[in-house]
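> Please find the sequence and the predicted model below.
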Amino acid sequence: MFTLKMVVTGPFNSGKTEFIRSVSEIDVVSTEKKISSGNERIKNTTTVAMDFGRITIDEELVLYLFGTPGQKRFDFMWEILSEGMLGFVVMVDSTRPETFRESRSILETFRAYAPTPYVVTANKQDCQDAWDVEDMRIALRLDPNVKLLPCVARDKESVKIVLLELLFSILAEMDFQES
């Protein structure tokens, strides 16, 4: 059996924990702690170390999903969680443009940790105030060949599409390295 480690990262409240919960076949191992934000749009818990979920693709392939903490004070966990990853997802809250710069910074940080395939998600696309995906591409200064995918982290099918896109990129790179 082949196990494949994927990291799900992004700013605080971008949907990382929900993304993993919606698709994991096991109860997600989570290190959430209560916080007070004073803003009803912002959740009242935060991941302090990681989230962990698992998906069995078939008898040959299992995906391990590791969610990073989003708050800057816990970013020391990012490098630890990135060790051994074969790809990563950058979650971006498409309703909060004030987090786009931070999302771009996190993307660059993870690219520096390991030159692995990645995808960027425009999460919360079901919300009325969500930015258009192509407008987000411009705001995030993403190259046209970077996969920027619409997503709703609570929707299992939406999450599966994102993970499959990343999986295809990882497998294509593995094939390329073998030839």
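Great, that's in hand.

> can we go C-alpha only for contacts and neighbour counts from here?
Will do.

> How far off centre is the longest helix along the chain?
In the chain, taking DSSP state H as the definition, the longest helix is helix 156-178. With Cα atoms, centre = their mean, to the nearest Å as the basis, helix 156-178 stands 13 Å off its chain's centre.

> same question, stretch 125-136
Relative to the mean C-alpha coordinate of its chain, stretch 125-136 is positioned 17 Å out (Cα atoms, centre = their mean).

> Give me the distance between the two termini of that stretch.
Taking Cα to Cα, to the nearest Å as the measure, stretch 125-136 stretches 11 Å from start to finish.

> buried set for that stretch?
Residues 125, 130-131, 133, 136 are the ones in stretch 125-136 that count as buried (16 or more other Cα atoms under 10 Å).

> Check stretch 1-20 too.
4-20.

> So which of the residues you listed are in helices?
16-20.

> just those residues now: which is nearest residue 149?
Of all these, the one with the least separation from residue 149 (Cα to Cα) is residue 19, at 13.5 Å.

> Contacts only, for the residue nearest to that closest one when sequence neighbours are not counted.
Residue nearest to residue 19 in three dimensions, not counting chain neighbours: residue 153, with 4.3 Å by Cα to Cα, 6 or more residues apart in numbering. By Cα atoms under 8 Å, 6 or more residues apart in numbering, residue 153 lies in contact with 15-16, 18-19, 22, 123-124, 159.

> now these in JSON lines, with distance to residue 111?
JSON lines is the format used below for the contacts of residue 153 (distance: Cα to Cα, whole Å):
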{"residue": "15", "distance to residue 111": "20"}
{"residue": "16", "distance to residue 111": "18"}
{"residue": "18", "distance to residue 111": "23"}
{"residue": "19", "distance to residue 111": "21"}
{"residue": "22", "distance to residue 111": "26"}
{"residue": "123", "distance to residue 111": "20"}
{"residue": "124", "distance to residue 111": "24"}
{"residue": "159", "distance to residue 111": "22"}
